[in-house]
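S.K.: Here is a sequence with its predicted model. Questions after.
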Amino acid sequence: MSRPPLPSHTDAALQQLHAQAVSRLSPATLARLHSARHAAPRRARAHGWWLATACSAVAALGLGYSFTVSPPRPAALPVATTMDDGVDVLDENPDLYVWLAGTDLAME
């Protein structure tokens, strides 16, 4: 999406406002602005980007390696067994009765 061009009178008005603003600045301020504009860009944050990129690459490689060493196995599906009656289910775990005897849940 391109913006439509500004009318020429708007461009001239903006140039006039800029010239007025520049004429009101002190020479010391203009010198500071000029030196800041032409100074070498700081590269202090460049190391942070490299570090973040390197850490994410190491994490991705470690995760990928962990999947190749021992690939994830799908969970085993429970095997459906046929039961003759419901008594076999209660007889399978006698600890259930010990746990129920120790709590008040059996009375509810």
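M.R.: Okay, I see it.
S.K.: how much space between residue 21 and residue 15?
M.R.: Plainly put, residue 21 is 11 Å away from residue 15 if you go by Cβ to Cβ, to the nearest Å. To be clear about C-beta, it is placed using only N, CA and C from the backbone, and glycine gets the same treatment.
S.K.: scratch that, residue 54 is what I was asking about
M.R.: Distance, residue 54 to residue 15, by Cβ to Cβ: 47 Å.
S.K.: Put the alpha carbons of the lengthiest helix in the chain into CSV.
M.R.: Ranked by residue count, the top helix of the chain under DSSP state H comes out as helix 46-69. This file holds the C-alpha atoms of helix 46-69, laid out as CSV (Å, rounded to 0.1, in the frame of the first residue of the first chain):
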residue,chain,number,x,y,z
ALA,A,46,24.8,-6.7,18.6
HIS,A,47,26.4,-9.1,21.0
GLY,A,48,23.0,-9.6,22.7
TRP,A,49,21.4,-10.7,19.5
TRP,A,50,24.2,-13.1,18.7
LEU,A,51,24.0,-14.6,22.2
ALA,A,52,20.2,-15.0,22.0
THR,A,53,20.5,-16.7,18.5
ALA,A,54,23.3,-19.0,19.7
CYS,A,55,21.4,-20.0,22.8
SER,A,56,18.2,-20.8,20.9
ALA,A,57,20.2,-22.8,18.3
VAL,A,58,21.9,-24.8,21.1
ALA,A,59,18.5,-25.5,22.7
ALA,A,60,17.0,-26.6,19.3
LEU,A,61,20.0,-28.9,18.6
GLY,A,62,19.8,-30.4,22.1
LEU,A,63,16.1,-31.0,21.7
GLY,A,64,16.5,-32.6,18.3
TYR,A,65,19.3,-34.8,19.5
SER,A,66,17.2,-36.0,22.5
PHE,A,67,14.5,-37.1,20.0
THR,A,68,17.0,-39.0,17.9
VAL,A,69,18.7,-40.8,20.8
